[in-house]
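Trainee: Predicted model and sequence below, questions to follow.
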Amino acid sequence: MGEGWGGGERMISRGFSNLMKEMDAILHAAEIITRGGIVAFPTETVYGLGANTFNPIAVARVFEVKKRPHFDPLIVHVASQGDLKKLVSEIPSDAKKVIEQFWPGPLTIVLLKKEEVPEIVTSGLPTVAVRMPRHPMALSLIERVGFPIVGPSANPFGYLSPTTAEHVRDQLGDQIDFILDGGPCEIGVESTIISFSGMKPKLLRPGGVPLEEIESIIGQVEINPRVEDKPLAPGMLPRHYAPRTPILLDWEDKNFDFKRDKKIGLLVFQEPRWSFKFHHIEVLSKKGDFREAAANLFAAIRRLDELNLDLILAETIPEVGLGRAIMDRLRRASAKELPIDEAYRSD
Ligand code: TXA
Ligand code: MG
């Protein structure tokens, strides 16, 4: 009996000391951001690279570290409706409805910005993208600093987003001030982005909240808006979220001629259906669950990318629910590189 009790005590104290470590790390991260530094932080979608929204020099460093073009605006992260009011003056009724339903969570909304939001954050656009993440460490961090923080995904521009602290460490570790480790991200694909700045709500990027769920609240949402002279979202660049190894999609019906001497990897949704001896196979969800597949997507592509393969073959999955975001990322990851101005040319 005594032993059981003692064991419980040890467990409680271990949990408590972890919590203290977490709190310490959050306070440390908050202090760095307050002083104008940049910190990677966990969200439920992917890791973000945080800085003070209202400190243009800190924000400029975020662009520099990511090698992100300055025409590509950042998402601002808030912890309350009060924070949102620091960024925008008007919230249309449809936007209010989705906020009510999906915040905190993987939904970003684009609204007309207040003058106080620095131009560098929005790349000179009259709008600002805002989201309230639901990861407890992200929320504590924003609450602690007391102002909204910018948070592009914590990866070099164009590469896959990080879903663990190690992913961030591997690619940006020596260039940033601190990494707040919150374990693997629960959702694994970035937030859904909806713009409310025009006449009708527009989907700018499919993501963690399925489009169907948003439409069930506010009715039909426009999709695939035309890319004007500025990108509405760089996620709209043909090639994005891409590994170094070429990825091929839509090969299944094409009688693809596998070359025996090539190192080919396979990325499948549920189970491999091909007899070819692949160098390595990644299965996104054995039980065929889209949520699990989304959560595993970027880490699985990274593992394949580390094997120096000649090619990765990826299976297509149905574009419903989270399948839309997964296929969007796979398509962009598999697109051929285009010169940047060509990628942005309006049609
Ligand atoms: O899940 C997420 O959204 C993650 C986590 C860290 O919160 N963040 C993220 O940020 O994916 P980033 O910077 O990698 O992608 C932001 C997207 C870009 O496609 C950008 O063009 C778009 O948001 N965006 C930002 N401001 C915009 C605006 N004013 N109008 C249209 N698109 C905007
Ligand atoms: Mg990104």
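Mentor: Here it is on my side, so go on. Ligands and ions are numbered 1, 2, ... in the order given.
Trainee: Break down the stretch 51-200 of the chain into its helices, ranges please.
Mentor: 56-66, 81-85, 93-102, 119-122, 136-145, 165-172 (DSSP state H, counting those that start in this stretch).
Trainee: The stretch 201-347 of the chain now?
Mentor: Remark: helices of the stretch 201-347 of the chain, listed N- to C-terminal, are 211-218, 290-305, 323-334, 340-344; assignment by DSSP H, counting those that start in this stretch.
Trainee: wait, residue 323 sits on residue 329?
Mentor: No - with contact defined as Cβ atoms under 8 Å, residue 323 does not count as touching residue 329 (11.0 Å). Just so you know, the C-beta spots here come from the backbone N, C-alpha and C atoms, and that holds for glycine as well.
Trainee: picking up where we left off before, same list (the helices of the stretch 201-347 of the chain) but as JSON lines, adding distance to ligand 1, mean pLDDT and mean neighbour count.
Mentor: Output for the helices of the stretch 201-347 of the chain, formatted as JSON lines (distance: least, Cβ to the nearest ligand atom, whole Å; pLDDT from 0 to 100; neighbours: other Cβ atoms under 10 Å):
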{"stretch": "helix 211-218", "distance to ligand 1": "15", "mean pLDDT": "98", "mean neighbour count": "15"}
{"stretch": "helix 290-305", "distance to ligand 1": "12", "mean pLDDT": "97", "mean neighbour count": "21"}
{"stretch": "helix 323-334", "distance to ligand 1": "10", "mean pLDDT": "93", "mean neighbour count": "22"}
{"stretch": "helix 340-344", "distance to ligand 1": "11", "mean pLDDT": "41", "mean neighbour count": "13"}
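Trainee: want to throw those helices into JSON lines with distance to residue 136?
Mentor: Supplementary listing: the helices of the stretch 201-347 of the chain in JSON lines, determined by distance: least, Cβ to Cβ, whole Å:
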{"stretch": "helix 211-218", "distance to residue 136": "23"}
{"stretch": "helix 290-305", "distance to residue 136": "17"}
{"stretch": "helix 323-334", "distance to residue 136": "23"}
{"stretch": "helix 340-344", "distance to residue 136": "37"}
